[in-house]
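**Q** sequence plus the predicted model coming up.
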Amino acid sequence: MKFGLAKKISLATVSLAVGGIILSALFTNLALTWNFNRYLDSVQKEQNRLIMDTLTELYSVSTSWREIRYATMYVGLTTEAQICVYDLEGRLIADSLPGMMQGRHGRHWRQSQQDRDHTYVYSLYANGSPIGTVEITPLNRQDGWTAEALVFRRTVQISAIITGLVAVLASALVGSFLARRLTGRLQLLTQAAEKWGQERFDTRVHLSGDDELVVLGKAMNRMASQLEEQSALRKKLTGDISHELRTPITTMQSYLEAFRDGVLPLDQQNIEAVLEETKRLGSLVNDLQSLTKADLSSREVQLAPLDVTVFLAEKAKYYLPLLQQQGINLTTSLPEKNLLIEADEKLLEQVLSNLVNNAAKYTPQGGQVTIAAREEKGQVIIAVTDTGIGIEAEHLPYIFERFYRVDPSRTRSTGGSGIGLALVKELVETMGGRVEATSVPGKGSSFRLYFPLGDYINPDSPSFPTGGSC
């Protein structure tokens, strides 16, 4: 039999309630018994004092034991106690019990005599001189309790039992309600997770309140949104890869069939066309391989102190011929002082190369690409800025996703594989940095890399001008 969470919570609630009620009843009974015994003892002592005062007054008035003998039976009957009076020689002068045991109450007093358990002994004085001893034994008691006290205690115990039963029932109902409410909300979360496992990422969890389950539901909804985006990107990735592979393969197949059928001559121009398609196919494979290596680069990265100023100045000279061929002006904006970071020089070179090539791809002839670096709030910021076509605002959150491309046309001039910026993000984060992008459509884009500033600056390193053209 399945013992669900709701039953467990209900059972735990009832068990705690029962345990608490039992402990409470135990302590209450002990406290009631102790305090009521103190109260009964104080009442009995006060009654004994009154009895002593009565006997003393009678003896003082009569100066004989005769009046005390008569009074003893009357006082014993009215106070429900056996009173025995002894003189100084220890002789019994008066005993209230024999008289009390006569008549219709005799049987009752006889039973009380058998159950008696407390006897109080006092010295009897008259006019300041001892005249004898008085023994007072309360009757009609059970374990020191009077009949009225027993009725009171029994009433309290019955009330406590009824209250406990009501409390147990209430705790069972409340525990069951809370357990069902909790498990019901958990079932909603479970059903949503199962639907997400079936790739139905449009499902959302709707919970009311402000407790931890609501926070969990909101977190799961955010995760579902991310999974939905990733699913859409994955489908787009499949389409992109299929298209990128299909186009060169189809082209090469067409050329080869034309060569076989004699439709096209096997000349230099046609061979170059086939070769161009093989290069395109090889480029896609290389991009995929680079991204796979980036996933493993956290185990291969070798961080070392790197002077950003020197590094960027040297790389700018390397990129200058490529950009000049496309009619793009390359400038640098580097600080006079040397900025040190912890980075892998080879990986950072790959990142910079991807950013510069990406900027050149979308910058028209006559435009400008700027490589800059500066220190800000304990960080070194490396920026690659262009004056190209820019990126629309709706695309900016996704440009670092794998195979995401702003240009859906996939032309050879601007298509690419959509891996370059994803690779940049992977490599920068592997080196402990982060990357951000801003863009204004029609005016250009800026990609910024953030790295913690190193605590060592080499004073012997050469300085470079703050700006200019390479």
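**A** It's in. Numbers count the residues shown, from 1 in each chain.

**Q** how near is residue 264 to residue 61?
**A** As judged by C-beta to C-beta, to the nearest Å, residue 264 and residue 61 stand 154 Å apart. In this view, the C-beta of every residue, glycine as well, is placed from N, C-alpha and C.

**Q** where does pLDDT dip in the stretch 101-250 of the chain?
**A** Scanning the stretch 101-250 of the chain for pLDDT under 70 picks out 101-118, 140-147, 233, 237, 240, 243-244.

**Q** if we can go back for a sec, what about residue 264 and residue 61, which has more around it?
**A** Neighbour count, other C-beta atoms under 10 Å: between residue 264 and residue 61, residue 264 has more, with 16 against 10.

**Q** ok now do that one, which residues does it touch?
**A** 255, 258, 270 (C-beta atoms under 8 Å, 6 or more residues apart in numbering).

**Q** wait, the last one sits on residue 263?
**A** To tie it back to what came earlier, the one meant is residue 270. No. If you go by C-beta atoms under 8 Å, residue 270 and residue 263 don't touch, sitting 10.4 Å apart.

**Q** quick check: phi and psi on residue 203?
**A** Per-residue torsions, residue 203: phi -70, psi 140 (degrees, to the nearest 10).

**Q** just use 29 as the starting number from now, easier for me
**A** Yes, from this point I'll number from 29; that puts the last item at residue 231.

**Q** could you check how many residues crowd around it?
**A** 16.

**Q** contacting residues around it?
**A** For residue 231, the contacting residues are 220, 223-224, 252, by C-beta under 8 Å, 6+ apart.

**Q** which pair of those spans the longest distance?
**A** Farthest pair in the contacts of residue 231 (C-beta to C-beta) is 223 and 252. Separation: 9.0 Å.

**Q** give me the more crowded residue out of these two.
**A** Neighbours per residue, other C-beta under 10 Å: of residue 223 and residue 252, the larger number sits with residue 252, 20 against 15.

**Q** TSV for the contacts of residue 231, including secondary structure?
**A** Shown next, in TSV, are the contacts of residue 231 (DSSP: H, G, I helix; E, B strand; the rest coil):
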residue	secondary structure
220	helix
223	helix
224	helix
252	helix
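
**Q** closest to residue 242 among those?
**A** Nearest member of those to residue 242, counting by C-beta to C-beta, is residue 220, at 13.5 Å.

**Q** would you agree the closest one is in contact with residue 235?
**A** No. Residue 220 lies out of contact with residue 235 (C-beta under 8 Å); the separation is 10.2 Å.

**Q** stretch 399-413: which residues count as buried?
**A** Within stretch 399-413, the residues that count as buried by 16 or more other C-beta atoms under 10 Å are 399-402, 407-413.

**Q** also stretch 458-472?
**A** 458-459, 461, 463, 465, 467, 472.

**Q** quick one: the helices in the stretch 29-178 of the chain?
**A** 33-90, 94-107, 125-128, 134-143, 175-225 (DSSP state H, counting those that start in this stretch).

**Q** domain parsing for the chain?
**A** The chain breaks down into these domains under automatic domain parsing: 33-189, 240-324, 329-497.

**Q** and these, which one is worst for confidence?
**A** When the domains of the chain are compared on mean pLDDT, domain 33-189 scores lowest, with a mean of 73.

**Q** coming back round to it: winner for burial among the domains of the chain?
**A** Sort the domains of the chain by mean neighbour count, taking mean count of other C-beta atoms under 10 Å, and domain 329-497 sits at the top with a mean of 17.

**Q** if we can go back for a sec, adding distance to residue 381, write the helices of the stretch 29-178 of the chain out as JSON lines.
**A** Below are the helices of the stretch 29-178 of the chain laid out as JSON lines (distance: least, C-beta to C-beta, whole Å):
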{"stretch": "helix 33-90", "distance to residue 381": "56"}
{"stretch": "helix 94-107", "distance to residue 381": "112"}
{"stretch": "helix 125-128", "distance to residue 381": "118"}
{"stretch": "helix 134-143", "distance to residue 381": "106"}
{"stretch": "helix 175-225", "distance to residue 381": "39"}
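
**Q** residue 365 is nearest to which of the ones you listed?
**A** Proximity of the helices of the stretch 29-178 of the chain to residue 365 was assessed by C-beta to C-beta; the nearest stretch is helix 175-225, lying at 51.6 Å.

**Q** so where does residue 227 fall, helix or strand?
**A** Residue 227 belongs to no helix or strand when assigned by DSSP states H and E.

**Q** any idea how far it is from residue 254?
**A** Separation of residue 227 from residue 254 (C-beta to C-beta): 14 Å.

**Q** residue 464: what secondary structure?
**A** strand.

**Q** show me the contacts for the spatially closest residue to it that is not a sequence neighbour.
**A** Once flanking residues are discounted, residue 464 sits nearest to residue 476: 5.1 Å by C-beta to C-beta, 6 or more residues apart in numbering. Applying C-beta under 8 Å, 6+ apart to residue 476 gives the contacts 409-411, 463-466.

**Q** and with 10 Å instead?
**A** 383, 400, 402, 409-413, 462-466 (C-beta atoms under 10 Å, 6 or more residues apart in numbering).

**Q** can you tell me who it pairs with across the strands?
**A** Assessed by DSSP bridges, residue 476 has beta-bridge partners residue 411, residue 464.

**Q** and it, how far from residue 363?
**A** Counting by C-beta to C-beta, the gap from residue 476 to residue 363 is 15 Å.

**Q** and residue 391, what element?
**A** Applying DSSP H and E, one finds residue 391 in no helix or strand.

**Q** circling back: got any residues that touch both of residue 298 and residue 291?
**A** With C-beta under 10 Å, 6+ apart as the test, residue 298 and residue 291 both reach residue 283.

**Q** would you agree residue 164 is in contact with residue 80?
**A** Yes. Counting by C-beta atoms under 10 Å, residue 164 does reach residue 80; the two are 8.4 Å apart.

**Q** overlap in contacts, the two.
**A** With C-beta under 10 Å, 6+ apart as the test, residue 164 and residue 80 both reach 111, 148, 150.

**Q** so which of these are in strands?
**A** Of the shared contacts of residue 164 and residue 80, the ones assigned to strands by DSSP state E are 111, 148, 150.

**Q** and which of these is nearest to residue 53?
**A** Nearest to residue 53 among those, with distances taken as C-beta to C-beta, is residue 148, at 32.8 Å.

**Q** tell me where the stretch 229-378 of the chain has helices.
**A** 240-289, 296-324, 336-353, 373-389.

**Q** fine, thanks again, bye for now.
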